[in-house]
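**Student:** Requesting a structural model of the entry that follows:
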Amino acid sequence: MAEAMAHTDIVATGWIRHLPAPLRPYALLARLDRPVGTWLLFLPGLWGILLPFGVAPAERLRLIVLFAVGSVVMRSAGCVVNDMWDRDIDRKVARTAGRPLASGALRMRQATLFLLLLLLAGLAVLLSLNRLCWILGAGSLVLVGLYPLAKRVTWWPQLVMGFTFGFGAPLGYVAATGRIDMTMLALYAAAILWDLGFDTIYGFQDMEDDVMAGVKSTSRMVAAHPHRFIAGCYGLTLAALVAAAWLARLQPLFWLVLLLPAILLGLQVRRLDIASPAGCLRLFRSNREVGLAIALALLAGHFAG
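**Tutor:** Residues are numbered from 1 along each chain as shown. I've put the predicted structure just below:
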């Protein structure tokens, strides 16, 4: 338990401390102190933008910038919704007890107003995309709202998280192509399975507290065979990426560069120790590099070897 206490959600000793005092709780509520979550939301969208042929470089760049801004805004909104639902549970979990709503640093009314501002900013980004993206983006809000409920009714909240955080993949693809097809679905499957794997690793940090709080999690469900489960998630992730690349007719250089994320994912499985919250957190954070390596492979697939 001492190790879990050392890995609290709150990181107020960095740049957050330079903000005016009234703004600090909002920055912490939005998880701006821990940008890895924003990266993990942004990267599937980046994959979707990079995968298809026939997109002008200037348009790809415009979409990448929009998705970067949108990822910051919508990840923040998702964190606010999560903490509004979970504030009573968070008080019982060592890692989350210091969150602004759980600790009382912010009230529900303040969080609601902040959420509305974030959603308006997200809407502005969405309206900069094509109309099919408008429909998909509206649908994604249902996932954002349902995810915090998942842990109360199912042992698969990490899978629900995968559908939610991985939604950038189809959105990015549709933003770049204006269509829905099997290539998009294969890429979305890769994002879902990748998210399922790394969020299960993340959840291993909280298993003892989750038992006491009566919270269900995929991490608790697979604790007897964690390496096999994570290896399965990551293996299927790579298989789905291969399917998406084959459907998109990427160049052979993709297959060579894909070895890099495959090795990084394999190292995560090898180094996994569910008894070490600090180690699980490090593995979770290392998925930023995995996601960037996958993006590099997709980009390489546009060039002849």
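
**Student:** When you work out contacts or count neighbours from here on, use the C-alpha atoms and nothing else.
**Tutor:** Noted.

**Student:** contact partners of stretch 65-77?
**Tutor:** The contact list for stretch 65-77, computed with C-alpha atoms under 8 Å, 6 or more residues apart in numbering, reads 29-32, 37-39, 41-42, 45-46, 115, 118-119, 121-122, 125-126, 172.

**Student:** how about the helix or strand where L238 lies: buried residues?
**Tutor:** Assigning secondary structure by DSSP states H and E places L238 in helix 226-248. By 16 or more other C-alpha atoms under 10 Å, the buried positions in helix 226-248 come out as 226-227, 229-231, 233-238, 240-245, 248.

**Student:** Show me the contact partners of it.
**Tutor:** 51-53, 182-184, 186-187, 189-191, 193-194, 196-198, 200-201, 219, 222, 254, 262, 265-266, 269-270, 272, 274, 298.

**Student:** Pull out the buried residues from these.
**Tutor:** Buried, going by 16+ other C-alpha under 10 Å: 51-52, 183-184, 186-187, 189-191, 193-194, 196-198, 200-201, 219, 222, 254, 262, 265, 269, 272, 274, 298, out of the contacts of helix 226-248.

**Student:** The residue nearest to I64 when sequence neighbours are not counted is in what secondary structure piece?
**Tutor:** With sequence-adjacent residues excluded and distances taken as C-alpha to C-alpha, 6 or more residues apart in numbering, I64 is closest to L46, at 6.5 Å. Per DSSP H and E: L46 is located in helix 36-50.

**Student:** what does that helix contact?
**Tutor:** Helix 36-50 is contacted from outside by 60, 63-64, 67-68, 71-72, 75, 165-176, 184, 187, 191, 285, 287-288, 291-292, 294-295, 298-299, using C-alpha under 8 Å, 6+ apart.

**Student:** Restricted to helices, list the residues you listed.
**Tutor:** 60, 63-64, 67-68, 71-72, 75, 165, 168-176, 184, 187, 191, 285, 287-288, 291-292, 294-295, 298-299 (DSSP state H).
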